[in-house]
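Novice: sharing a model prediction with you, sequence too.
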Amino acid sequence: MAETRFERLRELMDQNGLNAIALNPGPTLNYLTGLNFHLMERPTILVYVIGQPPLLILPELEQAKLSRSRIPLQAAPYSDDPATWPEAFRQALKPLNLGNLNIGLEPVRMRYLEMDYLQQAVPAARFTSASGVVGELRLHKDSVEINEMCKAVAIAQRSLLDILPMIKTGVTEKMLAAELTIQLLRNGSDSELPFQPIIASGPNSANPHAAPTDRALQTGDLVVIDWGARSNGYCSDLTRTFAVGDIDPELRTIYETVKQANHAGRAAGKPAANAGEVDQAARTVIERAGYGEFFTHRTGHGLGLEDHEPPYIFNGNPQQLSTGMTYTVEPGIYLPDRGGVRIEDDMLVTETGSVSLSDLPRELMTL
């Protein structure tokens with residue numbers, strides 16, 4: 001599997017005019033090697049030049065991880081003295097003859113710290129974005145990856161069901177977030193969650209990326225819960241919205257509208273459809289109901305080793321969907337100072353259409 005992934009990487013690098021690629025710790029390095037490293041004050045970089053074995057520059061204290069690599073690696077460990085690091089990088093990279101080669105970097109991952117050491121070691125090299133390469137590399141999931149994503153969805157759904165009895169008046173958003181985090185870990189999620197759960201109640205639910213606060217739930221609230229789990233690195237990302245007691249009729253109306261938009265977005269995903277069409281299918285439902293100005297974000301995003309990755313489901317995106325792509329459908333309506341609704345599911349493109357990996361009820365649940 002690892003060799004197949006490097007073969008695909010070589011093809012994509014050729015297509016994009018890259019002679020080499022340099023990767024920070026993160027999903028792509030893990031995807032290629034199976035190794036996990038934290039971003040910290042000690043730089044770790046994987047450098048791959050077409051036709052040569054990959055080179056991993058890493059702190060000495062991380063060497064024990066190398067035995068778990070899926071592929072043979074050249075290792076260049078360095079000591080804890082930062083004064084020695086520039087020379088350690090120069091000596092490690094010298095045999096690769098990077099010269100004036102085009103070296104691709106992940107723009108959302110590469111930090112100034114690693115970039116500085118690379119530039120000092122190979123000042124004649126040309127650095128450029130490899131976003132097209134890494135985005136395409138991980139775009140289509142194989143059966144092993146899909147199985148892990150299904151596990152991540154199951155863990156997340158079970159964990160939400162476990163906390164439903166807690167969703168009642170007087171309980172704070174932070175209390176719910178804490179208990180949901182505990183249940184995610186108890187139910188088998190990796191310790192590093194895709195993101196911290198979003199629990200937003202009442203007027204806070206009108207903020208799509210709200211952080212849990214000390215606000216206590218009240219009768220008449222909508223409560224948006226956006227959460228996910230990881231299974232062997234692979235993410236789930238779900239959202240459900242609940243009512244606490246009786247809610248305002250308009251809040252019920254926007255819930256039903258979002259539910260219909262979620263259905264339309266899920267139904268639109270199929271091979272040869274483009275990402276923009278999925279967005280438009282969901283968005284049209286909300287616009288026709290008169291709430292278009294209150295749907296303030298894209299309909300979804302890709303999902304895999306990252307909770308946000310290609311394909312991005314936004315209006316006008318021409319990227320075609322194809323078998324093995326995974327993404328979210330998460331339309332929402334947010335009425336300022338009153339409340340918001342979002343319903344999010346995780347989708348897989350199949351040979352004939354698409355299926356939802358998540359199956360929690362989408363009917364409004366009053367607690």
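Specialist: Structure's in. What do you need?
Novice: so which residues of the stretch 1-150 of the chain form helices?
Specialist: Using DSSP state H, counting those that start in this stretch, the helices of the stretch 1-150 of the chain run over residues 2-15, 27-33, 85-93, 112-121, 131-137, 143-163.
Novice: of these, which stretch is the most buried?
Specialist: helix 27-33 (a mean of 22; mean count of other Cβ atoms under 10 Å). C-beta: built from backbone N, CA, C; applies to glycine.
Novice: same for it, what does it pack against?
Specialist: Counting contacts by 3 or more Cβ pairs under 8 Å, 6 or more residues apart in numbering; DSSP states H and E, helix 27-33 is packed against helix 2-15, strand 45-49, helix 131-137.
Novice: can you rerun that using 7 Å?
Specialist: Using 3 or more Cβ pairs under 7 Å, 6 or more residues apart in numbering; DSSP states H and E, the elements in contact with helix 27-33 are helix 2-15.
Novice: the helix it packs on vs strand 45-49, what angle?
Specialist: 70 degrees (axes from the mean of the first three to the mean of the last three Cα atoms, to 10 degrees).
Novice: what does helix 2-15 rub up against?
Specialist: Applying Cβ atoms under 7 Å, 6 or more residues apart in numbering, the contact partners of helix 2-15 are 21, 31-32, 50, 70-71, 104, 133, 136-137.
Novice: now, among these, which is nearest to Asp307?
Specialist: Asp307 has its nearest neighbour among the contacts of helix 2-15 in Tyr31, at 14.9 Å by Cβ to Cβ.
Novice: hang on, that closest one packs against Lys141?
Specialist: No: Tyr31 is beyond contact range of Lys141, at 10.8 Å (criterion: Cβ atoms under 7 Å).
Novice: which residue packs closest to Glu179, ignoring adjacent ones?
Specialist: Ile163 (5.1 Å; Cβ to Cβ, 6 or more residues apart in numbering).
Novice: where along the stretch 201-350 of the chain do the strands fall?
Specialist: Ranges of strands in the stretch 201-350 of the chain, per DSSP state E, counting those that start in this stretch, are 222-227, 230-231, 234-235, 238-243, 300-302, 309-313, 326-329, 332-335, 339-342, 345-349.
Novice: now those strands in a markdown table, with distance to Glu192 and mean pLDDT?
Specialist: Putting the strands of the stretch 201-350 of the chain into a markdown table (distance: least, Cβ to Cβ, whole Å; pLDDT from 0 to 100) gives the following:
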| stretch | distance to Glu192 | mean pLDDT |
| --- | --- | --- |
| strand 222-227 | 14 | 98 |
| strand 230-231 | 6 | 98 |
| strand 234-235 | 10 | 98 |
| strand 238-243 | 17 | 98 |
| strand 300-302 | 19 | 98 |
| strand 309-313 | 16 | 97 |
| strand 326-329 | 19 | 98 |
| strand 332-335 | 26 | 98 |
| strand 339-342 | 24 | 98 |
| strand 345-349 | 18 | 98 |
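Novice: wait, which of the ones you listed is closest to Ser129?
Specialist: strand 309-313 (13.8 Å).
Novice: name the helices or strands packed onto that closest one?
Specialist: Using 3+ Cβ pairs under 7 Å, 6+ apart, strand 309-313 sits against helix 275-288, strand 300-302.
Novice: sorry, back to before: now for the strands of the stretch 201-350 of the chain, which one comes closest to Arg109?
Specialist: Between the strands of the stretch 201-350 of the chain, strand 309-313 lies closest to Arg109; by Cβ to Cβ that is 11.7 Å.
Novice: backbone torsions only: list them for the residue nearest to Val171 when sequence neighbours are not counted.
Specialist: Using Cβ to Cβ, 6+ apart and skipping the chain neighbours, the partner closest in space to Val171 is Leu217 (5.4 Å). Main-chain torsions, Leu217, degrees, to the nearest 10: phi -60, psi 140.
Novice: which residues does the residue lying closest to Arg266 once chain neighbours are set aside bridge with?
Specialist: Once flanking residues are discounted, Arg266 sits nearest to Val329: 5.2 Å by Cβ to Cβ, 6+ apart. Judged by DSSP bridges, the bridge partners of Val329 are Asp345.
Novice: no further queries at this time; thank you.
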